[in-house]
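Asker: Task: produce atomic coordinates for the following.
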Amino acid sequence: MSRILLIILILLVLPGCRDQKIVEELGFIHTIGYELIEEGENSGKLEVTISLPVAETLKQKTITTVVETPKESPIFLNKKTAKNLVSGQVRSILIGEKLAEKGVWDLIDTFYRDPVSRPTVKLSIVKSNPKQLLSKDYSEYQMVDIVIENILKKEARLNTIPEMDIHKFAKDYLDDAIDPIAPIILQSEDGIMSDGIGLFSGDQLKTTIPAIQARIFFLLTGEFKEGDLLIKNEEEKVLFSFITNKRSIDVTLGDKEEIDVKLSIDFKGFLLEYQGNKDITNEKEIEALENYIQENIENQIRDILETMKEHQIDNLGLGKYIKQKMDYQTWKNLDWPKTIDRLNVTPSVTVKIIDTGMVK
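Answerer: The predicted model follows:
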């Protein structure tokens, strides 16, 4: 009887040992970075860097290779490690600025079509070299993978960067009425931080919006429903928290091929902080402060629109509203967004301060 129990016990343990061995032989890729090489014998090729967790040390190690196309990277990366690399656990794709400026669709399409890859893989532009960002030994971080993931989640929640994955980027890229965007991150003396929004024309990075203007951008897209806005100049500083926000976009087609767009944003909120010369216990002074906030936001909206006109891009998706006003052939003949300079955009911001509290 005891012999039978021993045999059963062995049969139960052996498959577990085999499974454990298989897991130990796998290398789960969590973050992968791509950059375009512009100099030397590998000019025009891609530098690919992956980050692998090392369970024994609670740290990570990086592996780098050079390839001609994104599809080649698994072959060459596998040659540099004894583990069998698995890409089904990739959480973040980091793209260097140089590659982003040349075009990223071939790279994103590789992941988009891969049945193993998840469509929720996060996409970011690195304002430096992804290899340097992943390879640096950060004393304050153990796992850079987790830090990057947490930064992207937190800053997207605070509306300072977009929450962008390969599915949404591909969706916007394939839509003829909007251009994609992506978060910008960088390596600083203090570690890793977000640095605004990258604006694309098709699959090419054209320009960026600084972090301080990001929330104004998301006000325009309608994604920023409530939160804090910092408005300041040399004389005044206002930290305004709004609790309701209504945004509307009205399009009117003119007689001379001009397109009139009215961007209306109405919100109410309260002051968290005010530094300046106004007496915020006085009703007229409060109205003057409301006008100051309105004018400041309207000017920032104009700056964003001028940036898009300069680069002939539409990352706000204004084309979607224009497209609704036209038949199919008229829309195609418009050749959007190359004709975005035909827009006459009127921003209209209404601010209502419902509580000042003790903030002076």
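Asker: which residue sits closest to Leu152, ignoring its sequence neighbours?
Answerer: For Leu152, ignoring the flanking residues on the chain, the nearest one in space by Cβ to Cβ, 6 or more residues apart in numbering is Lys122 at 5.4 Å. From N, CA and C alone the C-beta is placed, and that goes for glycine too.
Asker: Quick check: bridge partners of the one you found?
Answerer: Taking DSSP bridges, one finds Ser92, Asp165 as the beta-bridge partners of Lys122.
Asker: Can you give me the neighbour number for it?
Answerer: Look at Lys122: counted by other Cβ atoms under 10 Å, it has 22 neighbours.
Asker: cool, and Lys136?
Answerer: Neighbourhood size, Lys136 [other Cβ under 10 Å]: 14.
Asker: ok, the residue most central in space within the chain - contacts?
Answerer: Among the residues of the chain, Pro183 comes closest to the average C-alpha position under Cα atoms, centre = their mean, at 2.6 Å. Contact partners of Pro183, counting by Cβ atoms under 8 Å, 6 or more residues apart in numbering, are 123-125, 152, 155-156, 161-164, 194, 196-198.
Asker: do the same with Val349
Answerer: For Val349, the contacting residues are Ser264, Ile265, Asp266, Ile293, Gln294, Ile297, Glu298, Ile301, taking Cβ under 8 Å, 6+ apart as the criterion.
Asker: so how far is the lengthiest helix in the chain from its chain's centroid?
Answerer: In the chain, ranked by residue count with DSSP state H as the criterion, the top helix is helix 283-311. Averaging C-alpha coordinates over helix 283-311 and over its chain gives two centres that are 24 Å apart (Cα atoms, centre = their mean, to the nearest Å).
Asker: mean confidence score for it?
Answerer: Helix 283-311 shows a mean pLDDT of 95.
Asker: same question, stretch 132-139
Answerer: For stretch 132-139, the mean confidence score works out to 83.
Asker: Equivalent analysis for stretch 338-346, please.
Answerer: Regarding stretch 338-346, the rounded mean pLDDT is 95.
Asker: Buried residues, that stretch. List them.
Answerer: For stretch 338-346, a neighbour-count test (16 or more other Cβ atoms under 10 Å) marks Ile340, Arg342, Leu343, Val345 as buried.
Asker: So this structure: which segments form each domain?
Answerer: Per the record, the chain has its domains at 24-209, 217-359, by the TED database.
Asker: Return the most buried member of those.
Answerer: Taking mean count of other Cβ atoms under 10 Å as the contact definition, the stretch among these with the greatest mean neighbour count is domain 24-209, which reaches a mean of 18.
Asker: Point out where the stretch 1-150 of the chain drops to low pLDDT.
Answerer: Low-confidence segments of the stretch 1-150 of the chain, defined by pLDDT under 70, span residues 1-26, 55-58, 139-142.
Asker: mind listing the helices for the chain?
Answerer: Remark: helices of the chain, listed N- to C-terminal, are 2-24, 73-78, 97-102, 105-113, 130-135, 144-157, 166-174, 211-221, 283-311, 318-323, 328-334; assignment by DSSP H.
Asker: Now distance to Ile63 too, for the ones you listed, in JSON lines please.
Answerer: What follows is the helices of the chain, written out as JSON lines (distance: least, Cβ to Cβ, whole Å):
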{"stretch": "helix 2-24", "distance to Ile63": "17"}
{"stretch": "helix 73-78", "distance to Ile63": "6"}
{"stretch": "helix 97-102", "distance to Ile63": "18"}
{"stretch": "helix 105-113", "distance to Ile63": "18"}
{"stretch": "helix 130-135", "distance to Ile63": "10"}
{"stretch": "helix 144-157", "distance to Ile63": "14"}
{"stretch": "helix 166-174", "distance to Ile63": "22"}
{"stretch": "helix 211-221", "distance to Ile63": "31"}
{"stretch": "helix 283-311", "distance to Ile63": "36"}
{"stretch": "helix 318-323", "distance to Ile63": "42"}
{"stretch": "helix 328-334", "distance to Ile63": "46"}
